[in-house]
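J.: return a 3D structure for these sequence lines:
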Amino acid sequence: MDTRRSSLALFTGLAVALGATLPPASAANALIVTQQSKRGFWFACGPVLCTDVGSATEAGAIQDVTLRRHRPLAFTAKIGNCYAYNGGPVAVGDYGREWVHHNVDRRMRC
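T.: Residues are numbered from 1 along each chain as shown. Reported below is the predicted structural model:
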């Protein structure tokens with residue numbers, strides 16, 4: 001139960017921390033979140049997917065979860081050991097910011 005509460009607090013904190021930098025609803029831009037594991041591998045979650053296998057570099061992890069239209073990225077915030085970025089526009093077939101928020105809460109321990 002305590003783990004779920006801390007996870008929920010993290011999700012809420014991420015949402016609040018990013019809330020000030022989110023673009024207007026009409027300009028739905030991609031959200032990308034990265035995290036480095038204790039072993040040095042990078043994981044990411046973005047508009048295309050969330051990685052289950054780590055990458056050697058953060059750039060490699062970001063490339064795995066984005067398409068060319070989502071780049072370049074703008075650094076938004078560091079929350080715990082996670083880094084959040086705003087990307088280019090989300091298109092039909094991409095996952096939105098809410099999906100990324102939900103999966104960051106489920107998969108990453110920022």
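
J.: quick one, helices of this protein?
T.: 2-19, 58-65, 97-107 (DSSP state H).

J.: separation between the residue nearest the centre of the chain and residue 94?
T.: Central residue of the chain (C-alpha atoms, centre = their mean): residue 33, 2.2 Å from the mean position. Applying C-beta to C-beta, to the nearest Å, the value for residue 33 to residue 94 is 15 Å. Just so you know, the C-beta spots here come from the backbone N, C-alpha and C atoms, and that holds for glycine as well.

J.: same question for residue 48.
T.: Separation of residue 48 from residue 94 (C-beta to C-beta) stands at 7 Å.

J.: C-alpha coordinates for stretch 59-76, PDB please?
T.: Extracted as PDB, the C-alpha positions of stretch 59-76 are listed here (Å, rounded to 0.1, in the frame of the first residue of the first chain):
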ATOM      1  CA  ALA A  59      20.000   9.700 -26.700                       C
ATOM      2  CA  GLY A  60      19.500   6.100 -27.800                       C
ATOM      3  CA  ALA A  61      16.600   5.600 -25.400                       C
ATOM      4  CA  ILE A  62      15.000   8.800 -26.600                       C
ATOM      5  CA  GLN A  63      15.400   7.700 -30.200                       C
ATOM      6  CA  ASP A  64      13.700   4.400 -29.400                       C
ATOM      7  CA  VAL A  65      10.500   6.200 -28.100                       C
ATOM      8  CA  THR A  66      10.300   9.100 -30.600                       C
ATOM      9  CA  LEU A  67      10.000   9.700 -34.300                       C
ATOM     10  CA  ARG A  68      11.800  12.400 -36.300                       C
ATOM     11  CA  ARG A  69       8.700  14.800 -36.000                       C
ATOM     12  CA  HIS A  70       9.000  14.700 -32.200                       C
ATOM     13  CA  ARG A  71      12.500  16.100 -32.200                       C
ATOM     14  CA  PRO A  72      14.200  18.400 -31.300                       C
ATOM     15  CA  LEU A  73      13.400  18.100 -27.600                       C
ATOM     16  CA  ALA A  74      13.400  20.900 -25.000                       C
ATOM     17  CA  PHE A  75      14.400  19.900 -21.500                       C
ATOM     18  CA  THR A  76      11.500  20.600 -19.100                       C
END
